[in-house]
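Student: Starting from these lines, generate the structure:
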Amino acid sequence: MKLTSVLRVLSGAYAEKFVKYGTFSPTPLSLAKLASFGETANMAKSAKFLREELPVRLANIMQEIHLLPDNLIRTPSASLVVSWYEKSFCDLIDFEKIDLNNEENLKNFTDCCAKIRDRHAHVVHTMAEGVMELKDRYGIDILVNNQVQYFLDRFYMMRISIRMLINQHVLLFGKQLDTHRPYLGSIDPQCDVLEILQHAYEDAKYLCQHYYAGAPEIKFTIHDSKDVNRSKVNLVYVPSHLYHISFELTKNAMRAIMENPEHQSHELPPINVLITHGDEDITIK
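Tutor: A predicted model of the protein is given here:
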């Protein structure tokens, strides 16, 4: 594995720790486990878990980054992303021997996690800029490279998991996410699906009207296998995740409708959204 450049930057003890944590696999976690822990949250227990888990996930994600082509890693934007992950890894290693039963140390660790989250806030955008820089400089379209696309997909998935874990800790033991709802960190045990879909639609509609001077309406249909009169669907989920997914899908649907020549001289068809509530799952289509 091509890790020479990482070890060169992470010299001494940090390099040794990188090799150590890079051999471990991330702990599998489900939304149910995160929600369950949130109900009986213990700050010290959470911090101790993250102190072990985050370096593993960061080391793994850094290994993935350095499997990308050298020309991509050397672009200014991708290099910046690499430096962010190296800094975050070192920050966490500095807490390896710190007593996390101490209240002040716990506060400092939580602050460190919040800084890591904020530092990585623009990773997706910055890495995308690196891809564009590679294309502009070398004429290489990285998106047609299946191997690179595979690693980028994994990279973004791991980033989401790291951000989710940090958010859970920071929101559980920092400021309340929403005082009007019983959130468990970033998880809403009574996430209102229809409310979030409607919110995503309104935001997408605003952009569509601004760009196309018009927007299609939306029609929601709820089908419940047990309650045919159901008008509301709730589930345990992260509202921000559902919103972003819904927002992007709604934007795409609006664009497809607005740019279809068949619709330009006729009344715009609505976006049809079907929400099915089964015994074990909920499907949005």
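
Student: Low-confidence stretches in the stretch 1-150 of the chain?
Tutor: Along the stretch 1-150 of the chain, segments meeting pLDDT under 70 span 1-11, 140-144.

Student: And the strands in the stretch 101-250 of the chain?
Tutor: Listed in chain order, the strands found in the stretch 101-250 of the chain under DSSP state E, counting those that start in this stretch are 188-192, 218-224, 234-237.

Student: mind putting these in CSV, distance to Pro69, mean neighbour count and mean pLDDT included?
Tutor: Yep, even glycine has a C-beta here, placed from its N, CA and C like the rest. As requested, the strands of the stretch 101-250 of the chain are arranged in CSV below (distance: least, C-beta to C-beta, whole Å; neighbours: other C-beta atoms under 10 Å; pLDDT from 0 to 100):
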stretch, distance to Pro69, mean neighbour count, mean pLDDT
strand 188-192, 40, 17, 93
strand 218-224, 42, 15, 92
strand 234-237, 36, 16, 92
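
Student: of these, which approaches Pro76 most closely?
Tutor: Nearest to Pro76, of all the strands of the stretch 101-250 of the chain, is strand 234-237, at 37.0 Å by C-beta to C-beta.

Student: returning to what we had before: and Tyr21, which of the strands of the stretch 101-250 of the chain is closest to it?
Tutor: It's strand 234-237; of the strands of the stretch 101-250 of the chain, that one is closest to Tyr21 (C-beta to C-beta) at 30.1 Å.

Student: Sheet partners, orientation included, of the closest one?
Tutor: strand 188-192 (antiparallel) (DSSP bridges).

Student: Tell me which residues are up against the partner strand.
Tutor: Strand 188-192 is contacted by residues Ala35, Arg181, Pro182, Lys232, Val233, Asn234, Leu235, Val236, Tyr237, Val238, Pro239, Leu242 when judged by C-beta atoms under 8 Å, 6 or more residues apart in numbering.

Student: in the sheet, who's paired with the residue nearest to Lys285 when sequence neighbours are not counted?
Tutor: Leaving aside its sequence neighbours, Lys285 sits nearest to Leu274 (C-beta to C-beta, 6 or more residues apart in numbering; 4.7 Å). Note on Leu274: beta-bridge partners Thr221, judged by DSSP bridges.
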